[in-house]
Structures are given as C-alpha cells and as structure tokens.
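K.L.:
what follows is a protein structure lacking sequence information:
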C-alpha cells in the first residue's frame, strides 16, 4: 500500500491527492499518516492556522518547505495574522526550504530580514524573490548567514543580500542581473562562496547594460565550480559577459549552458572566455 501511495504522490505539494488517498479507507489513511514526508509542504498562504499546525505535526521530524507569497508576507508584517506568525516562528527550527516572494521591498524587506534573523539549523535551500519594477535597483536584505549552518542552495531574484559573514556553505548559487553595474558586487558574492559547484545567472529581459564596469583586477578562483548556466543572455552584450567570465578562474568546469542559444560566433567567443579563465 505504501508503494501505491508513493507511486501516486510523487511530491509533497500534491496536497489534494494526499487528502483524497487518506479518505479511501482506514488502511489507506494509516498508510498515508505513516509517510511523514507527505506532510512537509503545507499551504501557508491559504490554509487556516489549526489545519496548518496539524499538517506540520504529521511531518514529525522531517524538514519543512515553507512558501510565503507577497500578500501573506504583508499580512504577517502588518499584524493581521498573529496566530499564523506565531506558528511560522515556532517551526523555524524545522524549515528546510524557505521561499519568500515580495513585491514592495521598501515595505517588506525589514520584516523579511527579521524573519531570517531566527535560527534555522535545518535550512538547506533559501529562495528570495522581489518582483519590483525591472528598472528599480535590487533590494537589500540583511541577515546573518551563520544562523543557517546547513544552507546549500541560495537563489536571489531582485535581491541584494547583506551577509554578516561569507556564505561559505553554499554550493549552488543563482541570481538575476537587472543592471550590469551589479556584476562586480555579484562577483564578490560568487567569490565568497568557496565551495560553489553550480552557478546560474539570469540577465533578465530588461537588463540595463553599462559598458564601463569596474571589475576587480584579481580573479575569483572557483576550483569547485563544475556547472555554469547563463540565461536570457541576449539581454546583455557579449563583451560585458566576457569581462565577467574573464574575472573567474574555473579550472574544473564541466558544463556551460547558454539559454537561449546564440549564434556560432557569439557562442564561440563566450566559450573562449571560459577557456581562458
């Protein structure tokens, strides 16, 4: 029966399927309740607090996935959902994946910073996104990376992190670039991730191109990097991207992914930049 459930439900976000299977029979219900991983991804944006608590309790000691949309963050920030905020904070020790989407950084950034100030010993994936106007500079979020000792994957979209110390535990880094003048600062972030293995840069379709960028003279040595992906690369010029790649020393790179594909000449030029690095 456990095999049937695992075949039917392939991920914990299939909440409707989980609830339907639990109502088939008493045996199915007991089998569902016995699979604690099924209850690791509750709907923190729609479900009432008592049901959220019950769902998370059934996950037992499993790390939880928490996704908060901007409306939910605004409700928490302005004090409209005190019970939800209390419950959220009570489970911070078990956050495994945390995804926060904000639209107005001026209003929500301090609250998000406060939320990230909590100790999260189980957190391994942090996804911060800010859907500001594309021509507005990235929003700064302050938090202490030491509170996330197991953090491995860090994804930033429209967010400029202000770390209290280098995120040395991060092995997978992804960030968006809305203005090429951000690249030197983002290069410093990449350099601080000493164990980074996978790097993804999304230049976004509205990326503002600057031609005189003060890249550092010293290369960022990234011996662990094996995968590099460049997205929406047509939004920035090959010269700027080549400069960025020229500042990186990636001796063990195995895969270079460029999306969307470029013409043969442009692709060859970028590949040469990587080879030279």
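P.N.:
Structure received. Source: prediction; values computed, not measured.

K.L.:
now the phi/psi pair for residue 127, please.
P.N.:
phi -120, psi 110 (degrees, to the nearest 10).

K.L.:
what does residue 95 give?
P.N.:
Dihedral angles of residue 95 (phi, psi; degrees, to the nearest 10) stand at phi -60, psi 120.

K.L.:
quick one: contacts for it?
P.N.:
Taking C-beta atoms under 8 Å, 6 or more residues apart in numbering as the contact definition, residue 95 lies against 63, 64, 66, 120, 122, 123. Heads up, the C-betas are built off the backbone N, CA and C, glycines and all.

K.L.:
gap between the last one and residue 2?
P.N.:
In this structure, residue 123 lies at 28 Å from residue 2, with C-beta to C-beta, to the nearest Å as the measure.

K.L.:
who has more neighbours, those two?
P.N.:
Under the neighbour definition other C-beta atoms under 10 Å, residue 123 and residue 2 were set side by side, and residue 123 has more, 26 against 10.

K.L.:
state the helix or strand in which that one lies.
P.N.:
With elements taken from DSSP states H and E, nothing contains residue 123; it lies in neither a helix nor a strand.

K.L.:
can you pull the pLDDT of it?
P.N.:
Per-residue confidence at residue 123 stands at 96 (pLDDT).

K.L.:
you'd agree it is up against residue 148?
P.N.:
Yes - between residue 123 and residue 148 there is a contact under C-beta atoms under 8 Å: 4.7 Å.

K.L.:
need the strands for the stretch 1-150 of the chain, in chain order.
P.N.:
Chain-ordered strands for the stretch 1-150 of the chain, with DSSP state E, counting those that start in this stretch as the definition, fall at 64-68, 95-102, 125-130, 139-143.

K.L.:
next one: stretch 35-50 to chain centre, how far?
P.N.:
A distance of 20 Å separates the C-alpha centroid of stretch 35-50 from that of its chain, computed with C-alpha atoms, centre = their mean, to the nearest Å.

K.L.:
what packs against the helix or strand hosting residue 185?
P.N.:
For residue 185, the enclosing helix or strand under DSSP H and E is helix 183-192. Counting contacts by 3 or more C-beta pairs under 8 Å, 6 or more residues apart in numbering; DSSP states H and E, helix 183-192 packs against strand 159-163, strand 172-176, strand 220-221, helix 238-246.
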